[in-house]
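Q: Sharing a sequence plus its predicted fold:
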Amino acid sequence: KIKDTRTDFLHKLSTKVIQENQLIALEDLNVSGMVKNRKLARAISDLGWRSFRNMLEAKAEIYGRDFRVIDRWEPTSQTCSCCGQKGGKRELSVREWTCLFCGTQHDRDVNASKNILNVAGGQSDTLNGRGDRRKTTSKVVAVSEASTTPRYKQPASVLGESPPVSR
C-alpha cells in the first residue's frame, strides 16, 4: 500500500517535471553512503530517490528532454553561483552564507541548484554528428576542478573578447 502510494506520487511528480522542463539536471548523490548515517537512513530510504531518478531518465527519453547528471564531487554548494568563485567547504548546518568575493548572500540549496544548472547547461549538446540523439545523455559528467577559468561565465568568444592565452 505505502509502496504503491509512493510509486504513484513519483510517477506523477516525474511526469510533471518532464512536461514542464526541457533540461533536467540532477546531482549524482552517494545515497548508499548517506544511508549509513543512522539519523538520515530511514528518511532517505523512504523517499525512493533512485526510483525517481530512473523515472525521470526514462521519461526524458520518451518526451525528448535533456537529462543530465552532475558528478557528486562538483562543488555546487561551495561555489558562488553569481561570480563562480569557490568559497571552500561549509558544514551542512550552514544554510545561508555570503560570498567573500562578490558579497552576494546565498541559501545553500538554492545556490547549489543554480550551480547544477550552470554546470549541466555547459555540457555538450545531446545530438551526435548525424543530428540524431546521443545514447549517452545520462552519463555522469565530471567537470575538472583544475580549470583556471571560471566555469560559470560565458566563453570569451560569446562575449566578443579574445580568449585567454595559456602559458
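A: The structure has been received and is ready for your questions.

Q: C-alpha from now on. contacts and neighbour counts both.
A: Noted.

Q: Report the backbone C-alpha coordinates of stretch 21-38 in CSV.
A: Extracted in CSV, the C-alpha atoms of stretch 21-38 (Å, rounded to 0.1, in the frame of the first residue of the first chain):
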residue,chain,number,x,y,z
ASN,A,21,11.2,21.5,-18.4
GLN,A,22,13.4,21.0,-21.4
LEU,A,23,16.5,20.2,-19.3
ILE,A,24,16.5,18.1,-16.2
ALA,A,25,19.8,18.2,-14.2
LEU,A,26,20.5,16.1,-11.1
GLU,A,27,23.5,15.7,-8.8
ASP,A,28,24.8,12.2,-8.6
LEU,A,29,24.5,11.7,-4.8
ASN,A,30,26.1,9.0,-2.8
VAL,A,31,22.9,7.6,-1.5
SER,A,32,24.4,4.4,-0.2
GLY,A,33,26.9,6.4,1.8
MET,A,34,24.2,8.7,3.1
VAL,A,35,22.1,5.7,4.3
LYS,A,36,25.0,4.7,6.6
ASN,A,37,24.2,7.8,8.7
ARG,A,38,21.7,6.4,11.3
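
Q: which other residues reach that stretch?
A: 17-18, 40-42, 44-45, 65-72, 116-117, 120, 140 (CA atoms under 8 Å, 6 or more residues apart in numbering).

Q: Try it again at 7 Å.
A: 40-41, 44, 65-72, 116-117, 120 (CA atoms under 7 Å, 6 or more residues apart in numbering).

Q: Excluding covalently adjacent residues, which one is nearest to Arg68?
A: Ala25 (4.8 Å; CA to CA, 6 or more residues apart in numbering).

Q: any idea whether the one you found is helix, strand or coil?
A: strand (DSSP: H, G, I helix; E, B strand; the rest coil).
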